[in-house]
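Undergrad: Could you work out the structure for the sequence below:
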Amino acid sequence: MARVLRTSLVAPSPSSGGATLPESSLPLTYLDAMWLHTLPVERVFLFHHAREHGGAVAVLLSNLQDSLSKALRSFYPLAGRLRLAPGTPSRYELHYRPGDGVSFTVAEYDLASVDELATDGPTEVAKIAPLVPPLPEGGAVLALQATILRCGGLAIGVTVHHAACDGACSTHFLHTWAWEAASRGAVAPEPPVIGRTFIRDRDDLYDTFAAPRSYRSRDGKPLRSPDVVDKLLATFALSEEHLRSIKDTVALEAARRGVSPPPPRPTSIVATYGFIWHCHYWAKEGGGAKGEPSGGTSDRAYAVFAADHRARLDPPVPARYLGNCVGLCFASASRKELLTADGASGLFASCSAVAAAIDEATRRGDGKRGCWDGCLERVVEAYSAGVPLTLAGSPRFRVYDIDFGFGRPAKVEIVSVARTGAMSVAEGRGATGGTEVGISLPPDGMASISIRALGRQSESNPGYFIVSASYVL
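TA: Below is the predicted model of the structure:
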């Protein structure tokens, strides 16, 4: 465990004129209510030799705390508390009053160095979990922790309640905090847009989403476990060249099938999500060359991920809106086709389904009769076919550009995937770009999983795509 040195409550800083923020309440919309009963999102940022850049540890930590206070001035709802609105049975709000603040913990951890934790290879989640703080009781929606690691490294842990904001908003806050800490004179991130007039009320959806619910599989087992004991976390990198190979393979397979009109070339997001899903399902089900599903109550397989709707609502929501503005995308494909021995066919099926899911969600995401109608029914449908693949994060969040003044992160992990069973996605941190995928599994599963892809083109089979994967639960 990390040794806690101190925990402070960091309040938003006063204005330049000395004025403090007034008491205020920000109602949750139905898009926030979707996430009321989910587990918090936990990220950890690992930095090499932070003390070499920031001087004495005390100065570095003091700067992080002071800059946090300044960043919270613009993001003050995150310093508030989630509560039931007075006089209502089921309407929630983020309530801020003077004196509220964010828990900021300073700790020491000598069980591992950055080099040991910032590896792509399997790492014990139990070694990383102490670097992220729990949310304090009483409705807190944000908690932060700075942990001094062995050999001069530093970890910054972030825990966010998803009902307060989505990934675009939480990483916007982190970019702002880092800019305040670095004080490099670069252009400051734009402040968030705070308000609830941008999203139409949907009381029917609010009541549906806000109702307590359990997450269980068709056999009654919990789908999300807070226990991370004995789990491992590993990262698989998809280079730009790899993504191009995936896109080429899908395009060639579409041409081979004579698809008319020809579908658009897959985007990097479609290629990444489709490939991850294909490999994960192919490996997990173990159909291999037989092309036969190994079980389940449906002939369909599902992947579930989020799409940002800020620019897609009518009228559009500001890009810097503070809150949640995402809808779920449900990709569905034939289990048999995903498990075909011809990797190109399975990859074409998964990428086509991902592209169709994004298209459906974005076309319907107008806030009138959009992708949120029937959302919970779609979740039930997906889980009735077996636990679907879920994805957290996005390459668009640019988490590796978050620099507090002591360099880019050596590694960023979404630790909470070990609890939720999701796979994390972020931009590649190397010079070659691409995407990286975080996977958490028990040791026996991680010991045997491998995901490898190689595009092969020939005159006889120009779209042939080899996928090698194994997965043991």
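
Undergrad: what's the helix or strand for Tyr273?
TA: Tyr273 is part of helix 268-285, with elements assigned from DSSP states H and E.

Undergrad: partners of the next helix or strand after that helix, with directions?
TA: Elements were assigned by DSSP H and E; along the chain past helix 268-285, the next helix or strand is strand 300-308. Paired strands of strand 300-308, with direction, are strand 326-334 (antiparallel), strand 389-393 (parallel) (DSSP bridges).

Undergrad: Touching the last one from outside, list them.
TA: Spelled out, that is strand 389-393. 41, 167, 273, 276-277, 280-281, 302-306, 399, 414, 416-417, 420-426, 438 (Cβ atoms under 8 Å, 6 or more residues apart in numbering). Backbone N, C-alpha and C define where each C-beta goes, glycine included.

Undergrad: In PyMOL, select just the buried ones from those.
TA: Applying 16 or more other Cβ atoms under 10 Å to the contacts of strand 389-393, the buried members can be selected in PyMOL as follows:
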select buried, resi 41+167+273+276+277+280+281+302+303+304+305+306+399+414+416+417+420+421+422+423+424+425+426+438
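
Undergrad: Tell me the helices and strands packed up against the lengthiest strand in the chain.
TA: Counting by DSSP state E, the longest strand found in the chain is strand 102-113. With contacts taken as 3 or more Cβ pairs under 8 Å, 6 or more residues apart in numbering; DSSP states H and E, strand 102-113 sits against strand 3-10, helix 57-74, strand 142-150.

Undergrad: Pull out the buried residues from that strand.
TA: Residues of strand 102-113 classed as buried: Val102, Ser103, Phe104, Thr105, Val106, Ala107, Tyr109, Ala112, Ser113 (neighbour count, 16+ other Cβ under 10 Å).

Undergrad: Figure out how far it is from the centre of its chain.
TA: On the basis of Cα atoms, centre = their mean, to the nearest Å, strand 102-113 sits 23 Å off its chain's mean C-alpha point.

Undergrad: now stretch 311-318
TA: Distance of stretch 311-318 from its chain centroid, counting by Cα atoms, centre = their mean, is 22 Å.

Undergrad: for stretch 24-35, same thing?
TA: 19 Å.

Undergrad: State the distance from the closest residue to Ser416 other than its chain neighbours to Val354.
TA: Nearest non-adjacent residue to Ser416, counting by Cβ to Cβ, 6 or more residues apart in numbering: Glu42, 4.0 Å away. Distance from Glu42 to Val354, counting by Cβ to Cβ, to the nearest Å: 26 Å.

Undergrad: Over to Lys127?
TA: Using Cβ to Cβ, Lys127 is found at 33 Å from Val354.

Undergrad: all strands for the stretch 151-300 of the chain, in order.
TA: For the stretch 151-300 of the chain, strands defined by DSSP state E, counting those that start in this stretch occupy the ranges 154-160, 232-238, 300-308.

Undergrad: outside of the last one, which residues touch it?
TA: Which is strand 300-308. Contacts for strand 300-308 (Cβ under 8 Å, 6+ apart): 166-168, 273, 277, 281, 325-335, 338, 350, 353-354, 357-358, 361-362, 365, 379, 381-382, 385-386, 388-391, 394, 396.

Undergrad: partners of the residue positioned nearest the centre of the chain in the sheet?
TA: Note on the chain: the residue nearest the mean C-alpha position is Gly393, at 2.4 Å, using Cα atoms, centre = their mean. Beta-bridge partners recorded for Gly393 (DSSP bridges): Val425.

Undergrad: closest to Thr159 out of the strands paired with strand 300-308?
TA: strand 389-393 (13.9 Å; Cβ to Cβ).

Undergrad: orientation of that closest one relative to helix 268-285 in degrees?
TA: Counting by axes from the mean of the first three to the mean of the last three Cα atoms, to 10 degrees, strand 389-393 lies at 140 degrees to helix 268-285.

Undergrad: what distance separates strand 389-393 from the centre of its chain?
TA: With Cα atoms, centre = their mean, you get 6 Å for strand 389-393.

Undergrad: what's the answer for stretch 182-192, then?
TA: Distance, centroid of stretch 182-192 to centroid of chain: 24 Å (Cα atoms, centre = their mean).

Undergrad: can you give me the helices in the protein?
TA: 30-33, 50-54, 57-74, 114-117, 125-128, 167-182, 203-210, 240-257, 268-285, 335-338, 343-364, 375-384, 417-420, 443-448 (DSSP state H).

Undergrad: Out of the ones you listed, which gets the lowest mean score?
TA: In terms of mean pLDDT, the lowest-scoring of the helices of the chain is helix 50-54 (a mean of 57).

Undergrad: For Gly430, give me the backbone phi and psi.
TA: phi -80, psi 170 (degrees, to the nearest 10).

Undergrad: I'd say it and Glu240 touch.
TA: No. In this structure, Gly430 is not within contact of Glu240 by Cβ atoms under 8 Å, at 9.9 Å.

Undergrad: Specify the beta-bridge partners of Ala301.
TA: Under DSSP bridges, the beta-bridge partners of Ala301 are Ala333.

Undergrad: Would you enumerate the residues in contact with Phe348?
TA: Thr249, Val250, Glu253, Ala254, Arg257, Gly463 are the contacts of Phe348 under Cβ under 8 Å, 6+ apart.

Undergrad: What's the separation between it and Val399?
TA: For Phe348, the distance to Val399 equals 30 Å [Cβ to Cβ].

Undergrad: go on, Leu111?
TA: Distance of Leu111 to Val399, computed by Cβ to Cβ: 24 Å.

Undergrad: returning to that earlier point: closest to Cys375 out of the strands paired with strand 300-308?
TA: So among the strands paired with strand 300-308, strand 326-334 is nearest, using Cβ to Cβ, at 5.9 Å.

Undergrad: any idea how far that closest one is from the chain center?
TA: For strand 326-334 - counting by Cα atoms, centre = their mean - the centre lies 16 Å from the chain centre.

Undergrad: cool, and stretch 77-94?
TA: Worked out by Cα atoms, centre = their mean, stretch 77-94 lies 24 Å from the chain centre.

Undergrad: and if you look at stretch 271-291?
TA: 21 Å.

Undergrad: Which residue comes closest to Pro12 once chain neighbours are left out?
TA: Residue nearest to Pro12 in three dimensions, not counting chain neighbours: Leu72, with 4.0 Å by Cβ to Cβ, 6+ apart.

Undergrad: Quick check: bridge partners of the nearest residue to Glu413 once chain neighbours are set aside?
TA: Of all residues not flanking Glu413 in the chain, Val44 sits nearest, at 5.2 Å (Cβ to Cβ, 6+ apart). Listed beta-bridge partners, Val44: Gly157, Glu413 (assigned using DSSP bridges).
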